[in-house]
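> Okay, sequence plus prediction incoming.
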Amino acid sequence: MPRFHFIAIGGSAMHNLALTLHDKGYIVTGSDDEIYEPSRSRLARAGLLPEKLGWFPERITPDLDGIILGKHARADNPELLRARELGLPVYSYPEFIYQQSRDKRRVVIGGSHGKTTTTAMLLHGLVRNGRQPDFMVGSQLKGFDRMIRLTHAADTIVLEGDEYPTSPLDDRPKFFHYRPHIAVLTGIALDHINVFKTPENYADQFRRFVTDYIEPGGTLIYNDEDPVLRDLARLRPDLKTVPYRTPDYRVDNRRFILQYDGREYPLRIFGRHNMQNLEAAAEAAVRLGIDRDDFYRSLQDFEGASLRLEKIFDNGSCVIFRDFAHAPSKVRASVQAVRELYPRRHLKAVLELHTYSSLSKEFIPRYRGSLNPADEAAVFYSPHAVAIKRLQPVEPEFIRQAFGREGLRVFNEPGRFREYVYGLPEPRSVILLMSSGALGGLDIDQLKQQCDT
């Protein structure tokens, strides 16, 4: 039976892969210096939780078939050094996924925004139409107990393709490793400026993906409303190129209704950007042999990926959405989507600047206008987070000027920020909370209670 050891087993993706291999009958061990919930409980239930936290080179033995290296491990990790000393194969997460899917038809969905939701839509539609593909997606999906599935039986695998670096030993984007037969690109907007210093450098990763890493004769499905993608689509004469655009839709009584070929499909998702995501997923599904009408019908009960414009409270008067949006293009799309859904409600948009890019003085002006559709808007950031990331200090007035939003409230003290948010609920209000972090320790249950008072 194959034996694999995970260095940094506690990561969101890594622990899902460990559980999947365990289910396949592999012998799995792992180490980490920090393991949080839900990874901890899930590993414990499977008997895979390390007895002690830390790194133990003595656990790396010659009988291992390989090491799977998490991106949060350091290049000088003691277990990694021991593995290299023994000459053991060391796989990054995406390299291992590719090795497990070499004989499958690979569908990779990439782009600066929308890739998780588009992947989730495609998987939902495939399963609803009787398919059982393997997959890897970056968020927990409703109806799926894992973020990853690897089986011997599936002939197709659907992969969310991340442009972020692979591992401490490999600075190439993760999606380079997957070598898709069908690639979907949703759009390009600069992100991760700690890695990609200029828009040109960032866009170049997608150019290389198209020119070097899509299988010969493959298919490229791309957002034709993105001028950069239109140019990239011309680079490979051997590829079948499939452009898509925002489909026709209407909004009726807070319901988005897709219109296609004289038929209408009421949806649970909303927002123009999600209509684009849906069309991207539909084009991929058609290439996998699913009838377009069947696919659209199957998406009528799709509720979205976790923390992607997820409605977490609605008592008929006060509504709260929680969203993972953090990059400017995502923030802009999320605020506009909620505005379109509730055109006559008082929309209050709250954004936490949490990532390296969003806290960079050089990057913050890219948020200009992103909160404008809201009736009231606030931004929270932690000066401590700025200092930890060794960035230039940011002043509230700089943020107000950069966003170009009249009346923007800016908070840099968690206590005052939480007090402000707890005071937001009022009749006929819609609150949109956007962050990839913890929103300054905000207690969501307390906020919900405030809506009910």
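That came in fine, so what should we check first?
> Isn't Ile188 up against Glu225?
No. Between Ile188 and Glu225 there is no contact under CB atoms under 8 Å: 11.5 Å. Just so you know, the C-beta spots here come from the backbone N, C-alpha and C atoms, and that holds for glycine as well.
> Paired strands for the helix or strand where Arg322 lies, with orientation please.
Under the criterion of DSSP states H and E, Arg322 resides in strand 318-323. Here strand 318-323 is paired, per DSSP bridges, with strand 310-314 (antiparallel), strand 429-434 (parallel).
> Tell me which residues of the last one come out buried.
Think strand 429-434. Ser429, Val430, Ile431, Leu432, Leu433, Met434 (16 or more other CB atoms under 10 Å).
> how much does the helix or strand following the strand holding Arg322 deviate in direction from strand 318-323?
As assigned by DSSP H and E, the chain's next helix or strand after strand 318-323 is helix 328-341. Per axes from the mean of the first three to the mean of the last three CA atoms, to 10 degrees, the angle that helix 328-341 makes with strand 318-323 is 160 degrees.
> The helix or strand that comes right after helix 328-341: how far from the chain's middle?
Moving toward the C-terminus from helix 328-341, the next helix or strand (DSSP H and E) is strand 346-353. Relative to the centre of its chain, strand 346-353 is centred 20 Å away, using CA atoms, centre = their mean, to the nearest Å.
> Just the buried residues of strand 346-353, please?
Leu347, Lys348, Ala349, Val350, Leu351, Glu352, Leu353.
> Over to stretch 159-178?
159-163, 165-168, 170, 172-178.
> can you check stretch 209-226 too?
Neighbour-count burial for stretch 209-226 [16+ other CB under 10 Å]: Phe209, Val210, Tyr213, Ile214, Glu215, Gly218, Thr219, Leu220, Ile221, Tyr222, Asn223, Asp226.
> Equivalent analysis for stretch 321-340, please.
Here stretch 321-340 shows 321-339 as buried, counting by 16+ other CB under 10 Å.
> Which strand or helix spans the most centrally placed residue in the chain?
Of all residues in the chain, the one closest to the mean position by CA atoms, centre = their mean is Thr116, 4.5 Å from it. Thr116 is part of helix 115-128 when elements are defined by DSSP H and E.
> ok, the buried residues of strand 346-353 vs Arg74, which is closest?
Leu353 (26.6 Å; CB to CB).
> any idea what sits nearest the closest one, other than its immediate chain neighbours?
Tyr381 (4.1 Å; CB to CB, 6 or more residues apart in numbering).
> so who does that neighbour touch?
Tyr381 makes contact with Glu352, Leu353, His354, Ser358, Leu359, Val394, Ile399, Val410, Phe411, Asn412, according to CB atoms under 8 Å, 6 or more residues apart in numbering.
> so of the residues you listed, which ones are in strands?
Judged by DSSP state E, these include Glu352, Leu353, Val410, Phe411 as members of strands.
> Quick check: the farthest pair among these?
Among the ones in strands among the contacts of Tyr381, Glu352 and Val410 lie farthest apart (CB to CB), at 11.5 Å.
> quick one: common contacting residues for these two?
Val379, Phe380, Tyr381.
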